[in-house]
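Undergrad: After the sequence you'll find the predicted model.
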Amino acid sequence: MAEIETRLLMLIDDEPAQSRLITALAAREGWRTLVVRDSETAIATLGTRQGMQLNAIILDQWVPGDEACSLIAELRSRRPAIPILMLTTSASPLLAVEAMRAGATDYMVKPVAPDRLMQALRMATTREAPRDELQPMTEKMPGAANFEGMIGASPAFRTALAVAAKAARNHSPVLIEGESGAGKETLVRAIQAASPRAKSPFRLVNIGAIPGNSVESALFGHEKGAFPGAFDRHIGALQHADGGTLALDEIDRLPLAVQTRLLESITKGDVRPIGARHSFRIDVRLIAASNLPLKELSQTEHFLPELHQALSGVTVYLPALRERAGDIPALARHFLARIGEQPGLRPLGITDSALALLGAYDWPGNVRQLQAVLFRAAVFCDGDALTAEDFPQLSDMLGEAGSTSAPAQEGMGVMLYAADGNLRPLEDIEADVIRLAIGHYRGRMTEVARRLGIGRSTLYRKLTELGIGEAG
């Protein structure tokens, strides 16, 4: 009994259905949940014997009797060390900012996937901080929907974009592979926006966020009464995307039985809802994204080789952020510009010391994690630019490795100093700037010239003088 008592969760929520769901999910990992329905009871509970044994608090935004952020601040003032997780239906960055400033440890948008909830609890209560504090928050900012908004000049990243841009112009299926957080969903949307079906129906389904027993219905639909609980007819994603595009994220987590059905639909060009007596013809372009290499999965009987072949008309590999560390400065500035546009925040710069620190970390959560870390730092920054001091978790983890000059120079994209500590010649720096611009704007020389503030003829003259090819 004592072991269970050490993992006690207080849930502040007045919705019985949601309370039962969270209680059941938490119980799977050994949590016992104490449910309270309002802020007054929550505050009073802190002073009880049970309250002194709490390991975490989950707060629904819509608790009665108080503003959620005010309640967070009150809970934080009474129990400074306890993790507080906030649940909300709002995707407003302003609410995320207010919740974090009030003392929230994490911020989750409903409906929250079971895996996300469990991850948040694990990360909030682990003893291995500060690493786990770098896990991404679920702040919602509008992302790029086209290739122009995808930042990076590394050769591997530019190659991926070139392959994807070419594939976007036809109707063949596309498979995007890369680690979690590398930008696969952003690339999916860019392909869709540049495709001939840009104005046609588009559906994006995250397989990993759907319970295994519901995936088949989500994709194929079901008829009323097809199974216990099927009280109404449901149209699946394949039919919704008819004439357009269906994107399947985390396709590597698709159950084998559903893989077989999906392969059949692709092969025949039709879909049969669960419980239906006949099929419906469909014309759907598929874009699949996978965190794991599907070819390797297909060799271990976790993924059908035939389905892998059907999905991989064109395969795009997105490199991990650690494989393109030179893009970190441009990404950081891009994210900070977007973060500065959010309600409650303001534009911020970033210093070389901060870039050196960011460049020294290996970013297991990739671009998504970088954005989340910058978001968190921006919320609490009092100055006009982020410095290394605004990333205390990174500093603690990296120690002296994060303060060396090499990562700062590599991360800048353009090195200002030579190995001997002296400034490099202006001609060399200028050549690097032009190369960086050509890479960033993917060889569109008119745009390169415009962004550099020079004429196109001047740009070509400099290319000749500096010995730079247009490929960068």
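TA: Arrived safely. Numbers count the residues shown, from 1 in each chain.

Undergrad: which residues in the stretch 101-250 of the chain form helices?
TA: With DSSP state H, counting those that start in this stretch, the ranges of helices along the stretch 101-250 of the chain come out as 114-125, 155-168, 184-193, 215-220, 237-240.

Undergrad: Between those helices, which one is closest to Tyr317.
TA: With respect to Tyr317, and counting by C-beta to C-beta, the nearest of these is helix 155-168 at 6.2 Å. Placement of C-beta: from N, CA and C, glycine included.

Undergrad: Could you tell me which residues within the closest one count as buried?
TA: Residues of helix 155-168 classed as buried: Phe157, Arg158, Ala160, Leu161, Val163, Ala164, Ala165, Ala167, Ala168 (neighbour count, 16 or more other C-beta atoms under 10 Å).

Undergrad: again with stretch 332-345
TA: Neighbour-count burial for stretch 332-345, counted by 16+ other C-beta under 10 Å, picks out Ala332, Arg333, His334, Phe335, Leu336, Arg338, Ile339, Gln342, Leu345.

Undergrad: Could you find the closest non-adjacent residue to the fifth one?
TA: Nearest residue to Leu336 in three dimensions, chain neighbours excluded: Leu348, at 5.3 Å (C-beta to C-beta, 6 or more residues apart in numbering).

Undergrad: Contacts only, for that neighbour.
TA: By C-beta atoms under 8 Å, 6 or more residues apart in numbering, Leu348 lies in contact with Leu336, Ile339, Gly340, Ala378, Cys381, Gly383, Asp384, Ala385, Leu386.

Undergrad: I'd like the helices of the stretch 101-250 of the chain written out as CSV, with mean pLDDT and distance to Cys69 added.
TA: Formatted as CSV, these follow (pLDDT from 0 to 100; distance: least, C-beta to C-beta, whole Å):
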stretch, mean pLDDT, distance to Cys69
helix 114-125, 75, 18
helix 155-168, 90, 39
helix 184-193, 93, 29
helix 215-220, 94, 34
helix 237-240, 95, 36
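
Undergrad: Which among those helices is found nearest to Ala247?
TA: Per C-beta to C-beta, nearest to Ala247 of the helices of the stretch 101-250 of the chain: helix 184-193, 4.7 Å.

Undergrad: From the contact counts, what lies against the closest one?
TA: Helices and strands touching helix 184-193, by 3 or more C-beta pairs under 8 Å, 6 or more residues apart in numbering; DSSP states H and E, are helix 155-168, strand 174-177, strand 202-206, strand 245-249, strand 285-290.

Undergrad: May I have the beta-bridge partners of the closest residue in space to Ser265 that isn't next to it in sequence?
TA: Leaving aside its sequence neighbours, Ser265 sits nearest to Val271 (C-beta to C-beta, 6+ apart; 5.1 Å). Counting by DSSP bridges, Val271 forms beta bridges with Phe280.

Undergrad: State the distance from Val271 to Ser279.
TA: 6 Å (C-beta to C-beta, to the nearest Å).

Undergrad: neighbour count winner among the two?
TA: Val271 (26 against 15; other C-beta atoms under 10 Å).

Undergrad: ok, the more buried one - contacts?
TA: Applying C-beta under 8 Å, 6+ apart, we find Val271 in contact with Phe220, Gly221, Gly236, Leu238, Gln239, Ser265, Ser279, Phe280, Ile282.

Undergrad: and the closest residue in space to the second one that isn't next to it in sequence, how many neighbours?
TA: Right, the one you point to is Gly221. Spatial nearest neighbour of Gly221, excluding adjacent residues (C-beta to C-beta, 6+ apart): Gly236 at 3.2 Å. Per other C-beta under 10 Å, the neighbour tally for Gly236 reads 24.

Undergrad: Name the helix or strand for the residue positioned nearest the centre of the chain, please.
TA: Nearest to the mean C-alpha position of the chain, by C-alpha atoms, centre = their mean, lies Arg368 at 4.1 Å. For Arg368, the host element (DSSP states H and E) is helix 366-380.

Undergrad: quick one: average confidence on that helix?
TA: Mean pLDDT, helix 366-380: 89.

Undergrad: Need the residues that contact it.
TA: 96-97, 100-101, 134-137, 139, 141, 179-183, 320-321, 328, 331-332, 335-336, 339-340, 345, 348, 358, 363, 365, 386, 390-391, 394.

Undergrad: out of these, which are buried?
TA: Burial by neighbour count, judged by 16+ other C-beta under 10 Å, picks out 96-97, 100, 134-137, 139, 179-183, 320-321, 328, 331-332, 335-336, 339, 345, 348, 358, 363, 365, 386, 390-391, 394 from the contacts of helix 366-380.

Undergrad: Can you flag which of the residues you listed belong to strands?
TA: Leu386 (DSSP state E).

Undergrad: Contact partners for the nearest residue to Ile274 once chain neighbours are set aside?
TA: Nearest residue to Ile274, sequence neighbours excluded (C-beta to C-beta, 6+ apart): His222, at 3.9 Å. By C-beta under 8 Å, 6+ apart, His222 lies in contact with Ala230, Arg233, His234, Gly236, Pro273, Ile274, Gly275, Ala276.

Undergrad: Return a PyMOL selection command for the buried portion of those.
TA: Restricted to buried positions by 16+ other C-beta under 10 Å, the PyMOL selection for these reads:
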select buried, resi 234+236+273+274
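
Undergrad: Quick one: which of the contacts of His222 has the lowest pLDDT value?
TA: Across the contacts of His222, the bottom pLDDT score, 82, is held by Ala230.

Undergrad: Could you list the domains of this structure?
TA: The chain breaks down by automatic domain parsing into domains covering 2-134, 147-317, 325-466.

Undergrad: hang on, the earlier thing: can you tell me which of the contacts of Val271 has the most neighbours?
TA: When neighbours are taken as other C-beta under 10 Å, the top entry among those is Leu238 (26 neighbours).

Undergrad: That one contacts Arg281, doesn't it?
TA: No. When contacts are counted by C-beta atoms under 8 Å, Leu238 is not listed as touching Arg281 (11.1 Å).

Undergrad: Gly467 - how many residues pack around it?
TA: 7.

Undergrad: Tell me the predicted confidence for it.
TA: The model reports Gly467 with a pLDDT of 74.
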